[in-house]
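**Student:** Quick one, fold the following:
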Amino acid sequence: MQERLQKFLARAGIASRRAAETLITTGRVKVNGELVRTLGTKVDGSKDLVVVDGKPAVAPTEKTWLLLYKPPGVVTTLKDPQGRPTISDSLGGVRARVFPVGRLDYDAEGALLLTDDGEVANRLMHPRHQVRRVYLAKVKGDPSDASLEKLRGGVRLEDGFAQPAEVSRFERADKNTWLRIVVTEGRPHLIKRLCAAIGHPVVRLYRPSHAGIGVEGLRPGQLRALTADEVRRVNGVAAGKASAEAPLKLPPRRHGPARDESPDDAAPPPPARGESARSRGARR
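**Tutor:** Okay, the predicted model is just below:
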């Protein structure tokens, strides 16, 4: 069956469809030995040989979807030139060429999807699709109702106005408060900057689910394959369907201090991605 070359490259996990278009127009893709620069060129993955930067691109017949409970102190990349722990350390035995769907910061923890389905991953990550991201953020002190109302109304950050989709107080601790915050964009350090703007810095950040798939039952660093039903649900979210939110629970208590954060991750954005700040203190 023929399909557009950029869609084939996305299915092969080479890049998102838009990034695949750039690969084509910049002359990095060959089909059956011929350089192709024309968008819309059609290929048949079962018959045509597609090569990107000298390496064959193969689209699997079945997609791989995995869920990782990303622990704090781990970089959401497959390789790190600085030698820091990466999510690859949790992928032993995984043969598929998977990549993370978006990012969680070095000190953040929780649900992270991995897949070789570039097309669906791109829809989950792209801002225009407004996919909900639910976080539990442990902040210093106890924000007043007025502060939470200010946050609901949106605040002006250094890179523009930002407004969460939902904000609520989830649970009070002795000296801190857990907030439930829902956003629909992946702007750098957004959760931490929103909370800092009302004077209550984040000391722990947890994402309990990703595209409606929760990490309940997993320990930090554990990985599992999605069920067929969960894959259908993820595809539904990518197509714009609302996902049912699993009951929220706080993350496991931490014993001892979290790993120190490197200077690069501690630096304010940009250019870092995700919501990153030093994780401090255990649940009390």
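**Student:** Only C-alpha atoms from now on, for both contacts and neighbour counts.
**Tutor:** Noted.
**Student:** would you say Lys192 is within a strand?
**Tutor:** No. Applying DSSP: H, G, I helix; E, B strand; the rest coil, one finds Lys192 to be helix, outside a strand.
**Student:** Pretty sure it sits against His200.
**Tutor:** No. Using C-alpha atoms under 8 Å, Lys192 is not in contact with His200; the gap is 9.0 Å.
**Student:** Show me what counts as buried in the helix or strand where Ala10 lies.
**Tutor:** Using DSSP states H and E, Ala10 maps to helix 5-11. Residues Leu5, Gln6, Lys7, Phe8, Leu9, Ala10, Arg11 are the ones in helix 5-11 that count as buried (16 or more other C-alpha atoms under 10 Å).
**Student:** pLDDT wise, what is the fifth one at?
**Tutor:** Right, the one you point to is Leu9. You'll see Leu9 listed with a pLDDT of 91.
**Student:** check contacts around it.
**Tutor:** Leu9 sits next to Ala15, Ser16, Arg17, Ala20, Ala57, Ala59 when contact means C-alpha atoms under 8 Å, 6 or more residues apart in numbering.
**Student:** can you do 7 Å?
**Tutor:** By C-alpha atoms under 7 Å, 6 or more residues apart in numbering, the residues touching Leu9 are Ala15, Ala20.
**Student:** next one: Lys42
**Tutor:** By C-alpha under 7 Å, 6+ apart, the contact set of Lys42 is Gln2, Glu3, Arg4, Leu5.
**Student:** close enough to count as contact, Pro71 and Ala111?
**Tutor:** No. Counting by C-alpha atoms under 7 Å, Pro71 sits too far from Ala111 to count as a contact (9.3 Å).
**Student:** These two: who's more crowded?
**Tutor:** Legend: neighbour count by other C-alpha atoms under 10 Å for Pro71 and Ala111, higher for Ala111 (27 against 24).
**Student:** Does the more buried one lie in a helix or a strand, and which?
**Tutor:** Ala111 is located in strand 109-115, with elements delineated by DSSP H and E.
**Student:** same for that strand, what does it pack against?
**Tutor:** strand 65-70, strand 99-100, strand 202-207, strand 209-210 (3 or more C-alpha pairs under 7 Å, 6 or more residues apart in numbering; DSSP states H and E).
**Student:** before we move on, the earlier item: of the contacts of Lys42, buried ones?
**Tutor:** Leu5.
**Student:** Of the contacts of Lys42, which one scores lowest on pLDDT?
**Tutor:** Minimum pLDDT across the contacts of Lys42 is recorded for Gln2, with 87.
**Student:** how far away is the residue nearest to Pro164 when sequence neighbours are not counted from Leu248?
**Tutor:** In space, not counting the residues next to it along the chain, Pro164 is nearest to Val183; the distance is 4.9 Å by C-alpha to C-alpha, 6 or more residues apart in numbering. Distance, Val183 to Leu248, by C-alpha to C-alpha, to the nearest Å: 16 Å.
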